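[1] Here's a sequence, model it:
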Amino acid sequence: MHVSHLTLHDFRSYESADVELGPGATAFVGRNGQGKTNLVEAIDYLSRLQSHRVASDAPLVRAGADQAVVRAAVVKDSRTAILEVEINPGRANRARINRSPLPRTRELVGLVRTVVFSPEDLALVKGDPGERRRFLDDLMVLRTPRLAGARADYDRVLKQRNSLLKSGRAGGRGGQDSVLATLAVWDDHLARTGAEILAERLALTDALRPYVGKAYETVARGASRDDAEIAYRPSFDLEGATTQPELEKAIHTELARRQRDELDRGVSLVGPHRDDLLLTIGAGDQHLPVKGFASHGESWSFALALRLASYDLLRADGDDPILILDDVFAELDSERREQLAALVAGAEQVLVTAAVGADVPEALRGTRYLVSGGEVTSDD
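    Take a look at the predicted model:
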């Protein structure tokens, strides 16, 4: 799979842009603030309908414009499809395939798969649990696009349930008693939708684990594949539950146990929105959490290992995702630059951004574009 053409209208700094792309490596080189990352961000947005840089859509629309359009020609198995998304902050976004509208924008998710390496990846290791949950959920949806609907359903249920709990808390003890009947209905919804998300995350963590160890061995000096471990950490004891029906029952049981706490605090305390992905490094039985114990270099290596593992897992599923290396090489010494480049050079398509052309390793010296002042010009 690769993108053969990218068109932007009022996306980020671009009033318009048309860029020809192809298989192999393509580098966008330019000083910071010139718009090179905006190009690869647009391709990643088509994949996930989310930016790897900001949490909302509003910053993606050029100042003074009402909407942005990202359009890409995607080639898979010698067939080309035109994918398009219209970004409308404050209103519903719209998506099209070959100019035909899709009933739901999220049907675009996963049609093109991307794996992004960026300086923001350190948040996977050093940030709060929400960063790691998002990492798992994004990968989960790329592997199984229908789960975008399950994810949206859970978020909706959680929002409604939190609103109900908050109203009960505001009304004091009498208000709490009045919401109990309605709360039972939302408990059922939360347990059902939460169990689906939880089951998928547990399975994904198991599938990803061996790839993380292998990737860490490759990018960290002197490390073995047993030095890096990941484990799913639920917010409560699952007591051996693994299947969706078992997990639904476990969530129901914990909701009943924590009901008074939730009513008193006015917030949902049970569910996958409270979980974490535990990352540890070490040897033998001496594993310690990466967050708080790892050096800067070890943290970077673990973050890179998570992305490489995602790429390898997607490839094992039978699809070669588009690799995006966004300003990564400036963070690495020359040896690790060459190591990473050698690992990804065989991908069908690799898109690289760099402030300095010399930062791009020789193994990724394919097509090169210069980006300056929102203009993209060939350097061939």
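[2] For stretch 240-252, list every residue counted as buried.
    Residues of stretch 240-252 classed as buried by neighbour count (16 or more other Cβ atoms under 10 Å): Ala241, Leu247, Glu248, Ala250, Ile251, His252. The C-beta positions use only the backbone N, C-alpha and C, and glycine is treated the same way.
[3] Distance from the chain centre to it, please.
    With Cα atoms, centre = their mean, to the nearest Å as the basis, stretch 240-252 stands 26 Å off its chain's centre.
[4] List the contacts of that stretch.
    For stretch 240-252, the surrounding residues in contact (Cβ atoms under 8 Å, 6 or more residues apart in numbering) are 187-188, 190-192, 194-196, 198-199, 202, 236, 238-239, 270-271.
[5] Make a PyMOL selection of the buried ones in the residues you listed.
    Per 16+ other Cβ under 10 Å, the buried members of the contacts of stretch 240-252 correspond to this PyMOL selection:
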select buried, resi 187+190+191+192+194+195+196+198+199+202+236+238+270+271
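[6] which one in the contacts of stretch 240-252 is the model shakiest on?
    Lowest pLDDT of the contacts of stretch 240-252: Glu239, 90.
[7] if you skip the residues just before and after it, what's nearest to that residue?
    Excluding the flanking residues, the one nearest Glu239 by Cβ to Cβ, 6 or more residues apart in numbering is Ala250, at 6.5 Å.
[8] which stretches of the stretch 51-200 of the chain have low pLDDT?
    Along the stretch 51-200 of the chain, the model assigns pLDDT under 70 to residues 170-177.
[9] Strands of that one, start to end?
    68-76, 79-87, 94-97, 100-101, 114-117 (DSSP state E, counting those that start in this stretch).
[10] Pairing partners for the fourth one, with directions?
    So the one you mean is strand 100-101. Here strand 100-101 is paired, per DSSP bridges, with strand 94-97 (antiparallel).
[11] What ranges does the stretch 201-350 of the chain have for its strands?
    So, for the stretch 201-350 of the chain - with DSSP E, counting those that start in this stretch - the strands run 228-233, 276-281, 288-289, 322-326, 349-354.
[12] Name the residues of stretch 9-19 that come out as buried.
    The neighbour-count check on stretch 9-19 (16+ other Cβ under 10 Å) flags His9, Asp10, Phe11, Arg12, Ser13, Tyr14, Ala17, Val19 as buried.
[13] Name the residues that touch that stretch?
    Residues outside stretch 9-19 that contact it (Cβ under 8 Å, 6+ apart) are 5-8, 35, 38-39, 41-42, 59-62, 65, 67-71, 87, 369, 374, 376.
[14] Centre of the chain to it, how far?
    23 Å.
[15] ditto for stretch 153-167
    Put simply, stretch 153-167 sits 23 Å off its chain's centre (Cα atoms, centre = their mean).
[16] Format the buried residues of stretch 240-252 as JSON lines; extra columns: pLDDT and distance to Trp300.
    Below are the buried residues of stretch 240-252 laid out as JSON lines (pLDDT from 0 to 100; distance: Cβ to Cβ, whole Å):
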{"residue": "Ala241", "pLDDT": "94", "distance to Trp300": "35"}
{"residue": "Leu247", "pLDDT": "97", "distance to Trp300": "34"}
{"residue": "Glu248", "pLDDT": "97", "distance to Trp300": "39"}
{"residue": "Ala250", "pLDDT": "97", "distance to Trp300": "36"}
{"residue": "Ile251", "pLDDT": "97", "distance to Trp300": "36"}
{"residue": "His252", "pLDDT": "95", "distance to Trp300": "41"}
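[17] with those residues in mind, which one is nearest to Leu46?
    Comparing the buried residues of stretch 240-252 against Leu46 with Cβ to Cβ places Leu247 closest, at 32.4 Å.
[18] nearest spatial neighbour of the closest one, skipping sequence neighbours?
    Ala195 (4.0 Å).
[19] Please list all residues in contact with the one you found.
    Shown in contact with Ala195 (Cβ under 8 Å, 6+ apart): Gln244, Pro245, Leu247, Glu248, Ala250, Ile251.
[20] let's go with 10 Å and repeat that
    154, 241, 243-252, 271-272 (Cβ atoms under 10 Å, 6 or more residues apart in numbering).
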